[in-house]
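Chemist: Got a predicted structure here, sequence first:
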Amino acid sequence: MSNTEFPTAIVALDAAPRTKASNYPEPFASRMAGRERRPLGELFGLSNFGVNHTRLIPGACSALRHAHSKQDEFVYILAGQPTLITDQGETALSPGMCAGFKAGTGNGHQLVNRTSEDVIYLEVGDRMAGDSGSYPDDDLQAVLGNDGKWQFLHKNGTPY
């Protein structure tokens, strides 16, 4: 693929939102209602890390509270007042604030919009092979397959 197949620059809101709200199996996928992700990194052919422009409507959350074994994650708040939930408790965030989640710590994290205004943020994560996800509040674990797709299992290892 040559660089001419990718745009030089875009307006982030011109990127098409993902058509599928979540890769989680039910009953978890429906809990992602109100989250809209616009993948930005893929538009430029980036393969080492992903970037999403994400909007949470009032009452929505970023993901189930989770931690990655190998993927570092970073969020930068553009608009709104989300609540960051981690193993340390809750932290109110506001525009201009950022948070990072180091891989392998086991510290589950999640953003929740408890306000009446939309929350908009950028999320960045690497695409480390062999990653897995743990979900401290739910009967769920995730393993990134060789095909780049997440496989979801119960905590006892049986598939959904």
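Modeler: The structure has been received and is ready for your questions.
Chemist: Find the nearest non-adjacent residue to residue 94, please.
Modeler: The shortest distance from residue 94 to any non-neighbouring residue, by C-beta to C-beta, 6 or more residues apart in numbering, is to residue 81 (5.5 Å). Bear in mind the C-beta positions are built from the backbone N, C-alpha and C, glycine included.
Chemist: quick one: the strands in the protein?
Modeler: Taking DSSP state E to define them, one finds strands in the chain at 35-39, 49-56, 67-68, 73-79, 83-86, 89-92, 98-101, 110-112, 119-126, 132-134, 141-144, 150-153.
Chemist: most packed of these?
Modeler: strand 67-68 (a mean of 22; mean count of other C-beta atoms under 10 Å).
Chemist: contacts for it?
Modeler: Strand 67-68 is touched from outside by 101, 103-109, 125, 131-134, 136, with contacts defined as C-beta atoms under 8 Å, 6 or more residues apart in numbering.
Chemist: and with 10 Å instead?
Modeler: With contacts defined as C-beta atoms under 10 Å, 6 or more residues apart in numbering, strand 67-68 is touched by 73, 86-87, 101-109, 125-126, 128, 131-136, 142, 144.
Chemist: And stretch 137-154, by the same measure?
Modeler: Counting by C-beta under 10 Å, 6+ apart, 23-25, 27-29, 31, 47, 64-66, 68-71, 85, 108, 110, 127-135, 155-157, 159-160 sit against stretch 137-154.
Chemist: Filter those residues down to just the buried residues.
Modeler: 24-25, 28, 31, 64-66, 68-69, 71, 85, 108, 110, 131-135 (16 or more other C-beta atoms under 10 Å).
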